[in-house]
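**Student:** need the 3D shape of this:
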Amino acid sequence: MKRKNIIGLVVILGIVLLGAVYASGQRGSSCVSTCQNVDIEKVKQFQKETMSLRDDLMIKKLELRKEYKQPASDSNRINTLKQEIRDRKASIREAANKAGVDLRCVKRRHRMEGKGGSQEENKSVEGVSQ
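**Tutor:** This is a model prediction of the structure:
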């Protein structure tokens, strides 16, 4: 009887410990260590260079959302908009790589500031996703 209780406790303890190990989920690394040494000037320059691309990306996303809400949505138009969105995102990623900016850090900074930052800061990183 004692042996069964001990085995049961060991199994339960193992399950609890295993659950704690996998508690972080599939979110990946938080990028905290890589984002500590972000060059602010590079980020500002990147934001200036990609402002029109990011604005266009946001407009395309809104157009796609509007197209989905149509009662008789046009699948060709939807596919075209999706491709244009992918192209804009790829262009932004290329510009980030060229400028030496990690987009995860730019997005992370935006999330941490939330709505508390200035409107210009919040607008500057909207719509960029990987």
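**Student:** let me see the ranges of the strands in this protein.
**Tutor:** In the chain, no strands are defined using DSSP state E.
**Student:** which stretches of it aren't confidently modelled?
**Tutor:** Under the criterion pLDDT under 70, the flagged ranges of the chain are 24-34, 107-130.
**Student:** apply 80 and report the result again.
**Tutor:** Residue ranges of the chain with pLDDT under 80: 1, 20-38, 105-130.
**Student:** so where's the longest helix in this protein?
**Tutor:** Longest helix in the chain by number of residues (criterion: DSSP state H): helix 40-69.
**Student:** show me what it is packed up against.
**Tutor:** Using 3 or more Cβ pairs under 8 Å, 6 or more residues apart in numbering; DSSP states H and E, the elements in contact with helix 40-69 are helix 75-99, helix 103-113, helix 119-124. Every residue, glycine included, has its C-beta placed from N, CA and C.
**Student:** repeat that with 7 Å
**Tutor:** Helices and strands touching helix 40-69, by 3 or more Cβ pairs under 7 Å, 6 or more residues apart in numbering; DSSP states H and E, are helix 75-99.
**Student:** ok and the helix it packs on relative to helix 40-69, angle-wise?
**Tutor:** Counting by axes from the mean of the first three to the mean of the last three Cα atoms, to 10 degrees, helix 75-99 lies at 170 degrees to helix 40-69.
**Student:** list the buried residues of helix 75-99.
**Tutor:** Buried residues in helix 75-99, counted by 16 or more other Cβ atoms under 10 Å: 81, 84-85, 88-89, 92, 95-96.
**Student:** now what about it, what contacts it?
**Tutor:** 42, 45-46, 49-50, 53-54, 56-57, 60-61, 63-64, 67, 103, 128-129 (Cβ atoms under 7 Å, 6 or more residues apart in numbering).
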